[in-house]
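Undergrad: got a structure for you, letters missing:
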Ligand SMILES: Nc1ncnc2c1ncn2[C@@H]1O[C@H](COP(=O)(O)OP(=O)(O)OP(=O)(O)O)[C@@H](O)[C@H]1O
Ligand SMILES: [Mg+2]
C-alpha cells in the first residue's frame, strides 16, 4: 500500500517542472498567509471560491436575470430602464395557438415550427448519434490493427469549430459540390440537397453526428474499457454466444455511460444552432429552422428586433435545459452511489 | 480412462516462450495441483487447458477427443478465477444460472440445479443479492457455485483462495476437499501455496520456467524429489543443501575440507554432489553422536516447535527443527545429528541420485 503512495510523490519532488511550480507557488505563500490571518481558516474557503463565483455571477446569473426582466418588458429599446413592464404578455403570445399540433395555426408560427423541427432533429440525432457512437466504440474496443489511428480519426472532427464543419459539408453538398460531382460522374442526376426539406433535415442530422460522434465514442470506449476482461473470459467459459455477451454483459455494464451519453446528446441537440444555421440557413423555407435560430432571428436579425419575445422564448428553452441538466446530475449521482 | 491428456504443449507470447514440452495425463476424478514459483507458467497452462489461450505447439485431448482447436465455450469446462469474475450486475442466482441459461435448459431444471448448488455452498440466503454486497468468502463460494452447477468435465481453479484471509483460506481449503469428495469431479488447481498443494492434491505437478519438473503424489515429492528444484520448492522451511564432493571414506567433504558428513547409505556416488536434508530431519544431540556442529545465529520459538538457523563450520547455512522449546541461544555451538534414512543426494546436474 505504501508503495503505491510514495512513487508519485517522488516524481513530484524530482521533476524540473514541479520545482518551477513550487518556486512560483512559494511566492504566493506570504500573501496567502496574510489573508488567512485576516479572514480565518474557514473564511479562506470563500476567498478561494470568490473568483469563480464572481465570474459566474457576472456572466451567467446576471444575464439570466436580465433576460428574465427582458422577457417581462416590451418595446424595442435595449435598455431595461426604457422598457415598459408588460407581465406575461410575451409568454402568452408564444403560447397562442389554434392547435398545438399545427405550428401554422400559432401566432408565433416560426417558434412552433422551430420547436417541432428541434424535436424531430433531436429524436433522429439521438438515435443516430448513440447508435453510431456505440457501434464505433464496440469496434474500437476490439484488438484491431491501427486502433489508435482510428480513435484519432473519429475524434478529430470534435476539434473543429461548428462553423468550419458546416462550411466543409456545405462545400460537399451544395448544387455543384463534391457529392453532386461524384453523382454526375457516376451517371446520376444532381440532387438539390438544400432544396428538398427531407434531404436538408437528413444532412443536418448527419453532419452533426459526424462532428460530435467522436466525443461520445470516447465516453463509451472508456466505459467499455472499464469492464474487467475476466468477465468476458468467464462468459466464454460459461459458453455464452457473442450476441448474448453483448446484451447480457456489455450493454448492462455500459448502461450508466450510455445514459450519460444519451442525456448529453439530448441537451446538445436541443441547443443546436450554429452548424445547422450555417449549413442550411434553416431552410428550405423553415424546414430546418431550430428554436435557437428563431430566438436569434427574433432578437437580432428581423426588421423589428423583438428582444422581449426572444427573451421569453429563451426562458422557456432555458427551463427545459435546466430540467434536463438536473436529470443528468441525478443520474450521474445515482451512478456514483 | 484419461480425462485430460496434454502432449508436447508449448506456448509463446511473441518471442517469449512461456510453456515448453508439457506432457501430462490427468485421470477422471483426480485432483491435480499445479505449483511453482511466480511467473513459471501455471496460469498460462491452466488457461491453455481452458481454451482461453491458444497453444503454439502440442495437442490437448479431453475424454479422448482432440479439443486443441476448440474455443473455450465448446470444451465444457468450468473455471474459478482468482478475481472470481462474478457478473456484478446480476444477482447471485443469475450468476449461477447464467451458464445454464446459455445451455437453454428448461427453467425448472435450472432452478433445481441452482438451489442444489446454493444449498451445498450455503448460499441460499444470498441468492437475491448482487456480488458487491457479499463478503470475500461468499463471493468465492458463488464463483465455485457457478462452476458446480454446470457439472463440467473438468473444474479449473486459478489460485481461488489467494484473496481470502488466512483463517478463511484454511476453512475454504477444507470445503474444497469436501466438495471434491462429494461431487468427485476432475479438478485442476493452480496455487503457489505448497500447503494447499500438499493438502488438496492427489497429484502435484511442479512447474518451473515453463517446464514440468516432477509429477507425483504429495508424499512422493516430499520423500523422493527428483531434483534440486523440487527438493527446494516442496517443504517449509526449505531443505538444507550442502555442496561438496565424495571423499575417500565415502563421506561428503565440503570444498574447504572443514566439514565431512555422512552420505545416504547404498548410493554409488562420486565427484561433485549436493547433500540435501530437511530441517525436520536434523536434530540436536549429544556431542558424542554428532554428525556436525552448527553455530546458531537465530532461534524461532513457535511453542509447538522451534527452528534453529545457523551455519556449519564451512559457512553453509543450515536450518533445523527442534521439538518443543529449545534452550539454544544465539551464538551457541550446537552438536546435531542427520537422520541417515532421510538424506538426499543430487549430482552435479542437480538430479537426484537414487539406488
Ligand atoms: N498475455 C501475455 N503476454 C506476454 N507474456 C505473458 C502473457 N501472459 C503471461 N505472460 C508471461 O508468461 C509467464 C507465465 O505467466 P503465468 O501467468 O502463467 O505465471 P504464473 O505461474 O501463473 O505466475 P503467478 O504465480 O504469479 O500467477 C510470465 O513470465 C508472464 O510474464
Ligand atoms: Mg497465475
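TA: Ah, there it is. Source: prediction; values computed, not measured. Ligands and ions are numbered 1, 2, ... in the order given.

Undergrad: from here on, just use CA atoms for contacts and neighbour counts.
TA: Noted.

Undergrad: look up the closest residue to residue B:341, ignoring the ones flanking it.
TA: Leaving aside its chain neighbours, residue B:341 sits nearest to residue B:264 (6.9 Å; criterion: CA to CA, 6 or more residues apart in numbering or on different chains).

Undergrad: residue contacts, residue A:99?
TA: Counting by CA atoms under 8 Å, 6 or more residues apart in numbering or on different chains, residue A:99 makes contact with A:105, A:106.

Undergrad: near chain A, which residues of chain B show up?
TA: Selection of chain B residues close to chain A by CA under 8 Å from any CA of the partner chain yields B:50, B:52, B:72-74, B:76-79, B:81, B:83, B:85-87, B:89, B:98-99, B:102-103.

Undergrad: which of the residues you listed count as buried?
TA: Among the residues of chain B next to chain A, those classed as buried by neighbour count (16 or more other CA atoms under 10 Å in any protein chain shown) are B:50, B:52, B:72-74, B:76-79, B:81, B:83, B:85-87, B:89, B:98-99.

Undergrad: now do the domain split for chain A, please.
TA: A:9-71, A:100-336 (automatic domain parsing).

Undergrad: which one of these has the lowest average pLDDT?
TA: With a mean of 83, domain A:9-71 has the lowest mean pLDDT of the domains of chain A.

Undergrad: residue A:252 belongs to a helix?
TA: Yes: assessed by DSSP: H, G, I helix; E, B strand; the rest coil, residue A:252 belongs to a helix.

Undergrad: which residues of the stretch 151-300 of chain B fall in strands?
TA: B:154-158, B:186-190, B:203-208, B:211-216, B:240-246, B:252-253, B:260-261, B:272-277, B:282-284, B:292-301 (DSSP state E, counting those that start in this stretch).

Undergrad: what residues are up against the closest residue to chain A within the stretch 51-200 of chain B?
TA: For the stretch 51-200 of chain B, the residue closest to chain A is residue B:73, as judged by CA to the nearest CA, at 4.0 Å. Applying CA under 8 Å, 6+ apart, one finds that residue B:73 lies in contact with A:236, A:237, A:238, A:239, A:240, B:51.

Undergrad: what's near enough to touch the residue nearest to residue A:224 when sequence neighbours are not counted?
TA: The spatial neighbour of residue A:224 that comes closest, neighbours along the chain excluded (CA to CA, 6+ apart), is residue A:254 at 6.4 Å. Counting by CA under 8 Å, 6+ apart, residue A:254 makes contact with A:220, A:223, A:224.

Undergrad: which residues does residue B:252 bridge with?
TA: residue B:246, residue B:261 (DSSP bridges).

Undergrad: then residue B:321?
TA: Assigned bridge partners for residue B:321, using DSSP bridges, are residue B:307.

Undergrad: can you name the helix or strand that the residue of chain A positioned farthest from its centre falls in?
TA: Here chain A reaches farthest from its C-alpha mean at residue A:37, the gap being 43.4 Å by CA atoms, centre = their mean. Residue A:37 belongs to helix A:16-56 when assigned by DSSP states H and E.

Undergrad: next secondary structure after that helix?
TA: Using DSSP H and E, the next helix or strand after helix A:16-56 towards the C-terminus is helix A:62-71.

Undergrad: can you list the residues that contact that next one?
TA: By CA under 8 Å, 6+ apart, the residues outside helix A:62-71 that reach it are A:80, A:88, A:90, A:91, A:307, A:308, A:309, A:310, A:311, A:312, A:315.

Undergrad: just send the residues you listed back as TSV, with secondary structure, neighbour count and distance to residue B:355 too.
TA: Output for the contacts of helix A:62-71, formatted as TSV (DSSP: H, G, I helix; E, B strand; the rest coil; neighbours: other CA atoms under 10 Å in any protein chain shown; distance: CA to CA, whole Å):
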residue	secondary structure	neighbour count	distance to residue B:355
A:80	helix	15	110
A:88	coil	13	108
A:90	helix	22	108
A:91	helix	18	105
A:307	helix	24	106
A:308	helix	28	107
A:309	helix	25	106
A:310	helix	25	103
A:311	helix	27	102
A:312	helix	26	102
A:315	helix	17	97
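
Undergrad: out of those, which comes closest to chain B?
TA: residue A:315 (40.6 Å).

Undergrad: can you name the residue of the stretch 51-200 of chain B nearest ligand 1?
TA: Among the residues of the stretch 51-200 of chain B, residue B:192 lies closest to ligand 1, at 5.8 Å counting by CA to the nearest ligand atom.

Undergrad: pLDDT at that residue, what is it?
TA: Predicted confidence (pLDDT) for residue B:192: 85.

Undergrad: who's in contact with it?
TA: Going by CA under 8 Å, 6+ apart, residue B:192 touches B:35, B:36, B:37, B:38, B:159.

Undergrad: dump the residues you listed to a markdown table, plus secondary structure.
TA: Formatted as a markdown table, the contacts of residue B:192 follow (three-state DSSP):
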| residue | secondary structure |
| --- | --- |
| B:35 | strand |
| B:36 | coil |
| B:37 | coil |
| B:38 | coil |
| B:159 | coil |
